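**Q** predicted coordinates and the sequence they were generated for:
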Amino acid sequence: MVKTIYNNIFKVRVNDDDEKGGCTFVGGAWKDVSTDDLFKDKKVVLFGLPGAFTPTCSSEQLPTYDQEYDKFKSLGIDEVYCISVNDAFVMNAWARDLGIKNVKMIPDGDGAFTRSLGMLINKPLQGFGMRSWRYSALIDNKEIVQFNEEPGMNNLSLDDDPYTVSDPNTMLKYLGFQPN
């Protein structure tokens, strides 16, 4: 699959590590980050997931990508991004909560980028509303060259939240990583 990614502006929060209004870590400033800023002239692994602070996303997918970051870098990957249909405040708080050091958090608050990939779904049984289906992608200079979509995509929550092909090991194998 070679597909040029959708041009989008992501609303991120930078420097939100100070205390404001009695709440910890909600300061900082808004910054617009474009698709070009994130993907142009870069080789990136992007993974999408249903939501911050949810079980598989928090216990498996995000922390494991963070742990395997150096392996991706050794294979010529410039960055590893986690994207979710959540706002910047939530994405930043989630990364802090899990101690994420390497993976960059990309908030797709309105779901426009996720929709452009055909991965925006409804999760009514959980009360989530519109969220991302779980996937991973290799993007080289704004072109998707590998796309790993979990099976069973639907808009009725009729799934067991599969996590079989969007994991870091599947992408590492695709990239040719050879364990010692």
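**A** That came in fine, so what should we check first? Residues are numbered from 1 along each chain as shown.
**Q** in the helix or strand where residue 131 lies, which residues are buried?
**A** Using DSSP states H and E, residue 131 sits within strand 129-132. Across strand 129-132, burial judged by 16 or more other C-beta atoms under 10 Å covers 131, 132. C-beta: built from backbone N, CA, C; applies to glycine.
**Q** pull up the pairing partners for it, direction included.
**A** strand 120-123 (antiparallel) (DSSP bridges).
**Q** what does the strand it pairs with rub up against?
**A** Contacts to strand 120-123, defined as C-beta atoms under 8 Å, 6 or more residues apart in numbering, come from residues 50, 85, 111, 114, 129-133, 153-157.
**Q** go again with 7 Å.
**A** Outside strand 120-123, the residues within contact range by C-beta atoms under 7 Å, 6 or more residues apart in numbering are 50, 111, 114, 129, 130, 131, 132, 133, 153, 155, 157.
**Q** still on that earlier bit, which SSE is immediately downstream of the strand holding residue 131?
**A** Counting by DSSP H and E, what follows strand 129-132 is strand 135-140.
**Q** any residues touching that following strand, and which ones?
**A** 5, 39, 43-48, 119, 144-150, 166, 171, 174.
**Q** of those residues, buried ones?
**A** Using 16+ other C-beta under 10 Å, the buried ones in the contacts of strand 135-140 are 5, 39, 43-48, 119, 144, 146-150, 166, 171, 174.
**Q** out of the contacts of strand 120-123, the closest to residue 97 would be?
**A** residue 50 (16.8 Å; C-beta to C-beta).
**Q** okay, and for the protein, where does confidence drop off?
**A** Counting by pLDDT under 70, the chain shows low-confidence ranges at 1-2, 17-27, 180.
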